[in-house]
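**Q** My questions are about this predicted structure, shown below with the sequence.
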Protein chains: 2
Amino acid sequence: MNRLCVHTITTKPLSLEQVAEAYPKAGVSGVTVWRDALEGRDIAASGRLLRDAGLEIVSLCRGGFFPHTEPAKRKLAIADNLRAIDEAAALGAPLIVLVCGAAADQPLETSRRQIAEGIAEIEPYARAANVKLAIEPLHPMYADTRSAINTLAQANDLAMQIGSGFVGVAVDVYHLWWDPALQQEIYRCGSNGKLFAFHICDWRVPTRDLLLDRGLMGEGCIPVKQIRQWVEAAGFDGYHEVEIFSTEYWSGDQYVFLERIREAYIHHS
Amino acid sequence: MNRLCVHTITTKPLSLEQVAEAYPKAGVSGVTVWRDALEGRDIAASGRLLRDAGLEIVSLCRGGFFPHTEPAKRKLAIADNLRAIDEAAALGAPLIVLVCGAAADQPLETSRRQIAEGIAEIEPYARAANVKLAIEPLHPMYADTRSAINTLAQANDLAMQIGSGFVGVAVDVYHLWWDPALQQEIYRCGSNGKLFAFHICDWRVPTRDLLLDRGLMGEGCIPVKQIRQWVEAAGFDGYHEVEIFSTEYWSGDQYVFLERIREAYIHHS
């Protein structure tokens, strides 16, 4: 249980005060904070609130969204990423997850180049703030607008190319479970010290919505235990982060949901 | 225009008689017949109906769905594929598209092995009937129940491994547009004489349904022209097959839709 982390978005209806109270009671040890949960709040105080409750802050979600056809928008994206680094430092989060972005009105190759340029541009600022950056490859069904980085091989290539100890990857089973190269690419990032984060949930059969129908571990077809074993064999000993977007779960009792997360974590991950 | 083919499923509300009349009027030269359109019909007579209307029969959709946990169900799948080969021969279709299948209750690796075994098992029957088989990799969002073959690299590997002139691949832009290895894998199958079919449509932004929200070429973010150029540079000179599943288009006037397909084909593919 001491490796269980939950993303604030997973229990979206809860305030940060409720998170601080409810997560430890449910046996959750770590928390990944989404930036929307920090809006209008004193960020350093929010970090203290969570730590005082006994929670370790695992990462801040999310930076990224680098590609745009207009250069002015790419500059705004860089500025927003620097703000995210400031927020992570203030919060006491050692890591930012990067959802890299994509622009449907330009070629994927252009978006991929802009992502590489964007990460290279913010890396010195992240390094100075002692905040790491994790490139999260997203499922190919999000290649239109959310991420032009769609396989772990791509994310690994990009992290290697940037060549900074502050840039690695996040492995999310939802995005990557289908990939025949998954095991070898997990070993590749693990053996190169670039496996920074591990996200879990499940793929429902059927999946009724492209974005908001993720399942609890055990509810779907992802071999979560198998992938966890690969990740651990690759040297990863960090948190197992439960990241679920679900209109169904968000509409229910979040305290009951946290108990179900705990049970699913014990039995299916 | 003489390379434009439409799948009967694209204009699902039309009967085969209506297809035979409407497709040539809309400038469509080829037709790929879905098996549901043949149900309860004399198959050889259906083939004559289409050819007499001036249409070339490009392929029969679809065989496949090999993986099952129960051996008895795998045997039924083989039997159904042999029937599909008989139907293709009776119809006068030179090719069957294989949607390979997946079983959510077993590991993807197991499904992938069962697919390889299934295709190897039906290949002699297809060869004897002079009907080719095209392995169609499906988008990773269908890896749960529709296909465990999710990249062109996988499909190419499988076709090479089977090593028959009667087994190749189908390239569908909808399933493959996101893949950074797409161009090189198109050249690979093309240069090995294994590029048997080319399917086109578009990825809507946003896509509202995982299965039934495909767009007309030009409506979305897929670089259809670019991919067509790769396919042609790889030596492909067959039909460009419009395959669209869309509750929206199916609910409208199919004759108007056929005109829109023709326009989209001319301007965006």
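**A** Done, it's in.

**Q** Can you classify A:Y265 by secondary structure?
**A** Three states are possible here, and by DSSP: H, G, I helix; E, B strand; the rest coil the one that applies to A:Y265 is helix.

**Q** OK, contacts around it?
**A** Taking C-beta atoms under 8 Å, 6 or more residues apart in numbering or on different chains as the definition of contact, the neighbours of A:Y265 are A:M1, A:L4, A:M217, A:H240, A:V242. Every C-beta, even on glycine, is put in place using the N, C-alpha and C of the backbone.

**Q** Need phi/psi at the last one.
**A** Reported as degrees, to the nearest 10, the phi and psi values for A:V242 are phi -90, psi 110.

**Q** Which residue is the nearest non-sequential neighbour of it?
**A** Counting by C-beta to C-beta, 6 or more residues apart in numbering or on different chains, A:V242 lies nearest to A:V6, which is 4.9 Å off, once chain neighbours are set aside.

**Q** Now do the one you found: how many residues are near it, please.
**A** Residues contacting A:V6 under the criterion other C-beta atoms under 10 Å in any protein chain shown number 30.

**Q** and what of the one 4 residues further on?
**A** By the other C-beta under 10 Å criterion, the neighbourhood of A:T10 contains 28 residues.

**Q** State whether it and A:R260 are indeed in contact, as I suppose.
**A** No: in this structure, A:T10 is not within contact of A:R260 by C-beta atoms under 8 Å, at 11.1 Å.

**Q** ok, so of the contacts of A:Y265, who is nearest B:A233?
**A** Within the contacts of A:Y265, proximity to B:A233 (C-beta to C-beta) peaks at A:M217, which comes in at 44.8 Å.

**Q** State the helix or strand in which the closest one lies.
**A** Using DSSP states H and E, A:M217 is not contained in any helix or strand.

**Q** ok, it - contacts?
**A** Applying C-beta under 8 Å, 6+ apart, one finds that A:M217 lies in contact with A:I200, A:C201, A:D202, A:V224, A:V242, A:A264, A:Y265, A:H268, A:S269.

**Q** sorry, back to before: quick check: the residue nearest to A:V242 is in a strand.
**A** Yes: residue state for A:V6 (three-state DSSP) corresponds to a strand.

**Q** quick one: it from chain B, how far?
**A** In this structure, A:V6 and chain B are 25 Å apart, going by C-beta to the nearest C-beta, to the nearest Å.

**Q** ok, now A:Q254?
**A** Using C-beta to the nearest C-beta, one obtains 27 Å as the distance from A:Q254 to chain B.

**Q** hang on, isn't that residue packed against A:T11?
**A** Yes: here A:Q254 lies in contact with A:T11, judged by C-beta under 8 Å, at a distance of 4.6 Å.

**Q** which bits of the stretch 101-250 of chain A sit near chain B?
**A** Remark: the part of the stretch 101-250 of chain A in contact with chain B comprises A:104-105, A:107-108, A:112, A:139-141, A:143-145, A:150-151, A:154, A:177-180, A:203, A:205-208, A:210, A:220-221, A:223, A:226, using C-beta under 8 Å from any C-beta of the partner chain.

**Q** Now for A:Y174, how many residues are close by?
**A** When counting by other C-beta under 10 Å, one arrives at 22 neighbours for A:Y174.

**Q** quick one: what helix or strand has it in it?
**A** Counting by DSSP H and E, the secondary-structure element that holds A:Y174 is helix A:173-176.

**Q** Check A:V169 too.
**A** Element membership for A:V169 (DSSP H and E) is strand A:167-172.

**Q** What distance do you get for the spatially most central residue of chain A to A:V33?
**A** Per C-alpha atoms, centre = their mean, the C-alpha nearest to the average position across chain A is that of A:V97, at 4.8 Å. Summarising the geometry, the distance separating A:V97 from A:V33, computed by C-beta to C-beta, to the nearest Å, is 11 Å.

**Q** what residues are shared contacts of these two?
**A** A:S59, A:L60, A:C61.

**Q** Of the residues you listed, which is the nearest to chain B?
**A** Using C-beta to the nearest C-beta, A:C61 is the member of these that sits closest to chain B, with 21.2 Å.

**Q** for the stretch 101-250 of chain A, what spans make up the strands?
**A** A:132-135, A:167-172, A:195-200, A:240-242 (DSSP state E, counting those that start in this stretch).

**Q** Next, format those as CSV and append distance to B:F66, mean neighbour count and mean pLDDT.
**A** Supplementary listing: these in CSV, determined by distance: least, C-beta to C-beta, whole Å; neighbours: other C-beta atoms under 10 Å in any protein chain shown; pLDDT from 0 to 100:
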stretch, distance to B:F66, mean neighbour count, mean pLDDT
strand A:132-135, 36, 26, 98
strand A:167-172, 29, 26, 98
strand A:195-200, 30, 26, 98
strand A:240-242, 34, 25, 98
